[in-house]
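J.: I'd like to go over a predicted model; first the sequence, then the structure.
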Amino acid sequence: MTIDLKMPALSPTMEKGTLAKWLVKKGDSIRSGDLIAEIETDKATMEFEAVDEGIIAELLVAEGTDDVAVGTVIARLAEEGETVDASAERTDSPGPAPAAAKPLPTAPIAPPSPISAAEKSSAAPAPIVIDETIKASPLAKRIAAAEGISLAGIKGSGSNGRIVKADLGLPAPAAAVMAPAFPSANTAPVYGPPVDVPHEATKLSSMRKTIARRLSESKQNVPHFYLTARCRLDALLKQRGELNEGLASRGVKLSVNDMLIKALALAMVEVPDVNVQFGGEQLYRFNRADISMAVAIEGGLITPVIRDAGGLSLSAIATLTKSLAEKARAGKLVPEDYQGGTASISNLGMFGIDEMFPVINPPQALIMGIGSGIEQPWKIDGEIGLATIMAATASFDHRAIDGATAAQFMAAFRDLVENPLRILV
Amino acid sequence: MADIYDLIVLGSGPGGYVAAIRAAQLGLKIAIVEREKLGGICLNWGCIPTKALLRSAEIYHFMHHARDYGLAAENISVDIEAVVKRSRGVAEQLNQGIGHLMKKNKITVHMGDGKLLGDGKLSVTKDGKTEELTAKHLIVATGARARDLPFAKADGKRIWTYRHAMLPPEMPTRLLVIGSGAIGIEFASFYNDMGADVTVVEMMDRVVPVEDDEISTFLEKALIRQGMKVMTGAGVSKIEIGGDGVKATIRDRHGNEAVQDYSHVIVAIGIVPNVENIGLEDLGIELDQRSHIKADGLCRTNVPGVWAIGDVTAPPWLAHKASHEGVVAAEAVAQALGNTDVHPHEIDPLAIPGCTYCRPQIASIGLSEAKAREVGHDIRVGKFPFIGNGKAIALGETEGFIKTVFDASTGELLGAHMIGAEVTELIQGYAIGMTLETTERELIGTVFPHPTLSEMMHESVLAAYGRALHI
């Protein structure tokens, strides 16, 4: 049985009023004393309180409708646990109740539009039914009522078949919270080899699998962008030669890469907005640049980490990179050696590569790719001369780093490389 | 000829031994392998012995404040040896208890280093002798250990991990704690209460960074009031060990470096999973980006018959998460072996509470206010302070608050965040509520006993709906 809610007479003299605002919506369950609507009379705005309890089955008068006569049915209430007979409802005109004697001559549109009511009943899901014999959590019941979902056909996944929120099949916002940052790379299609080409198949090593998975994740999920800075290397090469003469007695030999690792770390300290990591719900900012250095090893590559490379001396970096690379090639790295890192560097310069666009090493947001230093014509003090030029291309995670910031960082990096004394101090 | 077990559990921490007991209850034939002590870190070196230490610190703190309660206590002093001895006694008692539980449940205990060999085989090596066991299923529950600073490994003398901090050779005078997660902040709180001069350095911009922002802010203020020095957004870049202490180079949030002297350093910068030398590589068991074992909601790894639970898998790294996974995994194993009466349920990570036993205590569950907004909830937030609760005033514990976060449209309890006395004992109320999917209506409709601290839980919910009574 449904209960009609009629426009109340909120004062002895009131004949009609404006339905200013609904305080409930279809499917809300209300109790005696709950506020249903705000109604403006000629004198004041007043609140319309419920006398009965049940579930709002239908709101028949749109918000803001003027001159609704006292006694007009403005909403229908279904008793909890009961189905509203939709057909009966439609035959029962939702127009002004007969009791509201006079039509409203001045109103251009009949206030409670039958069309809108019909639309509501056809567009809205089936009237709310809460069958108290169905076992469901209070939250599931509440959501089902609000969304017009019938619990009758749902199989509960809770204990003893109790229906819980997850069973309602809603796109729950909370679901995203604990979801892994990256979907599995296994979803990528895998193709067999062409039939007519002789081939042999080799089982993937677990390192190969890890590389495949992580780099697929990176390219699929991380929006990469690339910036290239051409750096003149002559001063750095000269500096390195001089330093190595001095260090020879200590058995330390600096490589160009050692100096670039430090330059990279210092540039990240100078432009700390690139020393970050995208964390889904948050951005992590690091106070220290730990540089992962790509080392090619048998069957793949690995990235041991130079911690706080900006704070280390060049000779310390040289000693570390040497020992880490040796350990890597001997397969003796322990997780502490290669876990972490706030950015990576990959150098293919020694292979004669002009320029490279590396794939970001997740969860990092930055990787620097280094090409060869190539002697080429260059404008030097207004004249054409020969200079050794190296293309440095960094890939950035655009979720965490924007172009202008990245450009600032590239400028800082180039400045450090071209003025290598700055790397020393 | 070795026996064939239904299940071997590798590691006897709160994940492993619970898995073994649950599996035994389901009638499986079980062995458990442990390299060190039954009960794992939690019971021997973690949760329990630290609570014993913190209890001493709390009583010491109360003795200093005896006057507030109309009592007198004079010549109060710390006997650190006795404090540690009590803590060890507590751990020992529980360790023996696990032994009894294993016996009672007819679980075979193998002491030694276990290694997965594939095909259900596992070797256990002890004192150079190796035996081989065979099982239909294996649960890896090897846990994790403290992460070392890359530039200063813990030596147990001046640089401590939690494990050294639990057995202090002497009382630190000036203590540096690196990391303000649960472990770091609990030891900071303990040694501060015991009279040490404590500095906490946290890399993130706030202490206890996994908690709600308001909790972090409140705790930081409380710790500073207790005389602790707290540096957030800061890092330690260098530690040099000298004759009678260490020199630590600390970079503050503005990038300024300064060298400070400390008697001891506690490193609490996170954990590393114990995944080495247990045969994972050879079996091709997949690890995640942080080298933890990848396992699904029913604790299955990518290799059939091999399961993983607890700290060796994904976060949260909490003993009760490990235990609960132990039950889930044991039931899933039983199901895989044909038991049709068990129905293992995946754990909802958002319904796992977390507790930190600093002073004031912290307890939380679900989404923080900021996170709830981020994931798109339209929310209602309620807050109620300890000062508004009669029992709290009677206890002399008026510091703290309880905050609740609800979804505005559905009334779903999304999160609860508490700081103050005994909140770690309160949070289970909201955990039950969340697990049962109660809305604000059922919580409002629940009668909370008077006079208790739990009334604040009710008031916080009422406050979220503009109905708090005592504020």
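T.: Ah, there it is. Since the model is a prediction, treat every value here as computed from it, not as a measurement.
J.: how many other residues sit next to A:Ala318?
T.: By other CB atoms under 10 Å in any protein chain shown, the residues close to A:Ala318 number 24. In this view, the C-beta of every residue, glycine as well, is placed from N, C-alpha and C.
J.: where's the closest residue to chain A within the stretch 51-200 of chain B relative to A:Leu23, distance?
T.: Nearest to chain A, among the residues of the stretch 51-200 of chain B, is B:Pro150, at 4.1 Å (CB to the nearest CB). Separation of B:Pro150 from A:Leu23 (CB to CB, to the nearest Å): 60 Å.
J.: ok so, going back, confidence score at the residue of the stretch 51-200 of chain B closest to chain A?
T.: The per-residue pLDDT reported for B:Pro150 equals 90.
J.: Check whether it really touches A:Pro304, as I assumed.
T.: No: using CB atoms under 8 Å, B:Pro150 is not in contact with A:Pro304, being 11.1 Å away.
J.: quick one: B:Leu26 and B:Ala332 touch, right?
T.: No: assessed by CB under 8 Å, B:Leu26 is found out of contact with B:Ala332, at 10.6 Å.
J.: the more surrounded of those two?
T.: Neighbours per residue, other CB under 10 Å: of B:Leu26 and B:Ala332, the larger number sits with B:Ala332, 25 against 19.
J.: Can you get me a residue count around the nearest residue to A:Ala235 once chain neighbours are set aside?
T.: Using CB to CB, 6 or more residues apart in numbering or on different chains and skipping the chain neighbours, the partner closest in space to A:Ala235 is A:Pro420 (5.5 Å). Residues lying near A:Pro420 (other CB under 10 Å) number 21.
J.: residue contacts, A:Pro420?
T.: A:Ala235, A:Leu236, A:Gln239, A:Arg240, A:Met259, A:Ala263 (CB atoms under 8 Å, 6 or more residues apart in numbering or on different chains).
J.: Might one say that the fifth one is in contact with A:Leu237?
T.: Pointing back at A:Met259 there. No: taking contacts as CB under 8 Å, A:Met259 lies outside contact range of A:Leu237: 9.4 Å.
J.: of those two, who's got more company?
T.: Counted by other CB under 10 Å, A:Met259 and A:Leu237 do not tie: A:Met259 has more neighbours, with 24 against 16.
J.: quick one: secondary structure of that one?
T.: Under DSSP: H, G, I helix; E, B strand; the rest coil, A:Met259 falls in the helix class.
J.: The one 10 residues further on now?
T.: The assignment at A:Val269 comes out as helix when based on three-state DSSP.
J.: helices or strands next to whatever helix or strand A:Leu386 lives in in the packing?
T.: Assessed by DSSP states H and E, A:Leu386 sits inside strand A:383-397. In terms of contacts (3 or more CB pairs under 8 Å, 6 or more residues apart in numbering or on different chains; DSSP states H and E), strand A:383-397 is packed against strand A:224-232, helix A:234-247, strand A:366-380, helix A:403-418.
J.: and these as CSV, adding distance to A:Thr393?
T.: Below are these laid out as CSV (distance: least, CB to CB, whole Å):
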stretch, distance to A:Thr393
strand A:224-232, 4
helix A:234-247, 18
strand A:366-380, 5
helix A:403-418, 9
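J.: picking that back up, comparing B:Pro150 and A:Pro304, which residue is more hemmed in?
T.: Neighbours of B:Pro150 and A:Pro304, each counted by other CB under 10 Å, are more numerous for A:Pro304; the result is 23 against 16.
J.: What residues does that one make contact with?
T.: Per CB under 8 Å, 6+ apart, neighbours of A:Pro304: A:Ser292, A:Met293, A:Val295, A:Leu324, A:Ala325, A:Lys327, A:Ala328, A:Leu333, A:Asp337, A:Tyr338.
J.: list the contacts for the third one?
T.: Read it as A:Val295. Counting by CB under 8 Å, 6+ apart, A:Val295 touches A:Leu301, A:Ile302, A:Thr303, A:Pro304, A:Leu324, A:Ala325, A:Ala328, A:Arg329.
J.: The contacts of A:Pro304 in helices, which ones?
T.: Among the contacts of A:Pro304, the members falling in helices are A:Leu324, A:Ala325, A:Lys327, A:Ala328, A:Asp337, A:Tyr338 (criterion: DSSP state H).
J.: Once you drop chain neighbours, what's closest to the fifth one?
T.: Read it as A:Asp337. Per CB to CB, 6+ apart, closest to A:Asp337 is A:Pro304, 4.9 Å.
J.: which residues of the stretch 351-471 of chain B fall in strands?
T.: B:354-356, B:362-366, B:379-385, B:400-407, B:413-420 (DSSP state E, counting those that start in this stretch).
J.: just how off-centre is the fourth one within its chain?
T.: Mean C-alpha position of strand B:400-407 versus that of the full chain (CA atoms, centre = their mean, to the nearest Å) differs by 21 Å.
J.: Give the buried residues for that strand.
T.: The neighbour-count check on strand B:400-407 (16 or more other CB atoms under 10 Å in any protein chain shown) flags B:Gly400, B:Phe401, B:Ile402, B:Lys403, B:Thr404, B:Val405, B:Phe406, B:Asp407 as buried.
J.: Who does the third one form a beta bridge with?
T.: Going by DSSP bridges, B:Ile402 is paired in beta bridges with B:Phe384, B:Met418.
J.: That one touches B:Met457, doesn't it?
T.: Yes: B:Ile402 sits in contact with B:Met457 when judged by CB under 8 Å, with a separation of 5.9 Å.
J.: What's the mean pLDDT across the helix or strand harbouring A:Ala265?
T.: Assigning secondary structure by DSSP H and E places A:Ala265 in helix A:256-270. The average pLDDT within helix A:256-270 is 95.
J.: Repeat that for stretch A:190-207.
T.: Per-region confidence: stretch A:190-207 scores 79 on mean pLDDT.
J.: Next: stretch B:128-141.
T.: For stretch B:128-141, the mean pLDDT works out to 96.
J.: How about it, which residues are buried there?
T.: B:Leu133, B:Thr134, B:Ala135, B:Lys136, B:His137, B:Leu138, B:Ile139, B:Val140, B:Ala141.
J.: Tell me how far stretch B:67-81 lies from the chain's centre.
T.: How far stretch B:67-81 lies from its chain's middle: 30 Å, per CA atoms, centre = their mean.
J.: B:Met111 is in contact with B:Glu34, correct?
T.: Yes: with contacts counted by CB under 8 Å, B:Glu34 reaches B:Met111, the gap being 5.8 Å.
J.: out of the two, which sits in the more crowded spot?
T.: B:Glu34 (26 against 16).
J.: Skipping adjacent residues, who's closest to the more buried one in space?
T.: B:Ser12 (4.0 Å).
J.: OK, contacts around the one you found?
T.: B:Ala20, B:Ile32, B:Val33, B:Glu34, B:Leu38, B:Gly39, B:Gly40, B:Ile98, B:Val109, B:Ala141.
J.: now the helices for chain B?
T.: Counting by DSSP H, the helices of chain B are B:16-25, B:40-45, B:47-64, B:80-104, B:162-165, B:182-193, B:213-225, B:280-283, B:319-336, B:369-374, B:390-395, B:423-435, B:440-444, B:455-464.
J.: Below-threshold pLDDT in the chain: ranges please.
T.: Since no chain was named, I'll use chain A. A:1, A:11-13, A:41-45, A:80-132, A:171-189 (pLDDT under 70).
J.: The chain in question should be chain B.
T.: Checking chain B against pLDDT under 70 turns up B:1-2.
J.: Could you measure from B:Ala308 over to chain A?
T.: To chain A, B:Ala308 is 16 Å away according to CB to the nearest CB, to the nearest Å.
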